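Visitor: Have a look; sequence and predicted model below, questions after that.
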Amino acid sequence: MRGFYIGRFQPYHNGHHRMVEEIADEVDELVLGIGSAGDSHSPRNPFTAGERIMMVTKSVEAFDVTTYAVPIEDLERNSVWVSHVQSMSPAFDVAYSNNPLVIQLFKEAGVEVRQSPMFNRDVLEGTELRDRMIHDEDWRNLVPDPVVDVIEEIGGIERLQRVSQTDANGGRDNVSPS
Ligand SMILES: Nc1ncnc2c1ncn2[C@@H]1O[C@H](COP(=O)(O)OP(=O)(O)OP(=O)(O)O)[C@@H](O)[C@H]1O
Ligand SMILES: NC(=O)c1ccc[n+]([C@@H]2O[C@H](COP(=O)(O)O)[C@@H](O)[C@H]2O)c1
């Protein structure tokens, strides 16, 4: 059986990782959909699809499940989104999500959906992690080790901090010293 789990993974964190660990017990193969694949370099979506593919691919090596990472761009029309996903992904039998819109769209399309508990959601949330990165607070213990390596390799913290600035302070870096 093949499962499908989509997220923005901005970044891939230990909550996602726990969910993948549980899914790996139920399926033979797993497709990880890299959602909002066209988005990057913004405070909500700092990392590119390719960077997120590196994060998930290196992290899921810890589990005994064949995994395919597939980038999925957003569409204006929710009503055809499941067809769009299916057109990009290896065929799957069951979709995993805790996102109410995703659950609704898959159910309406007749796809079986399974949910998982939320793990330690007070800290294991992308929004909380990005906030900690911006403010130089602890985040490394909330993601799998390979994610730390990828974010360091790409200069991810500096990027997120810069794209989160406003022109009022961000422009300073662009002025040549006199
Ligand atoms: N701590 C968690 N435990 C279990 N599932 C989670 C957890 N955090 C996110 N998920 C689920 O993983 C999927 C992908 O989530 P997503 O990539 O949006 O992460 P997020 O932590 O919700 O990020 P953001 O705050 O950026 O929206 C969704 O179905 C979401 O509900
Ligand atoms: N119309 C659409 O493009 C559409 C609809 C539902 C979900 N999605 C995407 O699926 C992903 C769902 O992941 P999250 O659970 O992380 O929000 C997101 O990237 C979201 O943008 C897109």
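Guide: Here it is on my side, so go on. Ligands and ions are numbered 1, 2, ... in the order given.

Visitor: So the residue lying closest to residue 45 once chain neighbours are set aside versus residue 149, what's the distance?
Guide: Nearest residue to residue 45 in three dimensions, chain neighbours excluded: residue 39, at 3.8 Å (Cβ to Cβ, 6 or more residues apart in numbering). From N, CA and C alone the C-beta is placed, and that goes for glycine too. For residue 39, the distance to residue 149 equals 22 Å [Cβ to Cβ, to the nearest Å].

Visitor: Settle it for me: which of those two has more neighbours?
Guide: residue 39 (17 against 13; other Cβ atoms under 10 Å).

Visitor: before we move on, what SS does that one have?
Guide: Following DSSP: H, G, I helix; E, B strand; the rest coil, residue 39 is assigned to coil.

Visitor: For it, give me its contacts.
Guide: By Cβ atoms under 8 Å, 6 or more residues apart in numbering, the residues touching residue 39 are 8, 45, 74.

Visitor: and if you look at residue 47?
Guide: Contact partners of residue 47, counting by Cβ under 8 Å, 6+ apart, are 9-11, 40, 55, 151, 154, 156.

Visitor: Let's see that with 7 Å instead.
Guide: With contact set as Cβ atoms under 7 Å, 6 or more residues apart in numbering, residue 47 has these partners: 10-11, 40, 156.

Visitor: Could I get the residues you listed in CSV, plus columns for pLDDT?
Guide: Shown next, in CSV, are those (pLDDT from 0 to 100):
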residue, pLDDT
10, 98
11, 98
40, 98
156, 98
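
Visitor: Can you name the two of these that sit furthest apart?
Guide: 11 and 40 (12.1 Å; Cβ to Cβ).

Visitor: So which of the two has more stuff around it?
Guide: Neighbours were counted for residue 11 and for residue 40 using other Cβ under 10 Å; residue 11 has more, 26 against 17.

Visitor: per-residue pLDDT, the closest residue to residue 93 other than its chain neighbours?
Guide: Nearest residue to residue 93 in three dimensions, chain neighbours excluded: residue 1, at 5.0 Å (Cβ to Cβ, 6+ apart). pLDDT, residue 1: 97.

Visitor: Residue 171 too?
Guide: Per-residue confidence (pLDDT) for residue 171: 49.

Visitor: tell me the contacts of the residue of the chain found nearest ligand 2?
Guide: Nearest to ligand 2, among the residues of the chain, is residue 35, at 2.2 Å (Cβ to the nearest ligand atom). Contacts for residue 35 (Cβ under 7 Å, 6+ apart) come out as 6-8, 72.

Visitor: any idea which of those residues has the most stuff around it?
Guide: Neighbour counts for those, by other Cβ under 10 Å, peak at residue 7, which reaches 24 neighbours.
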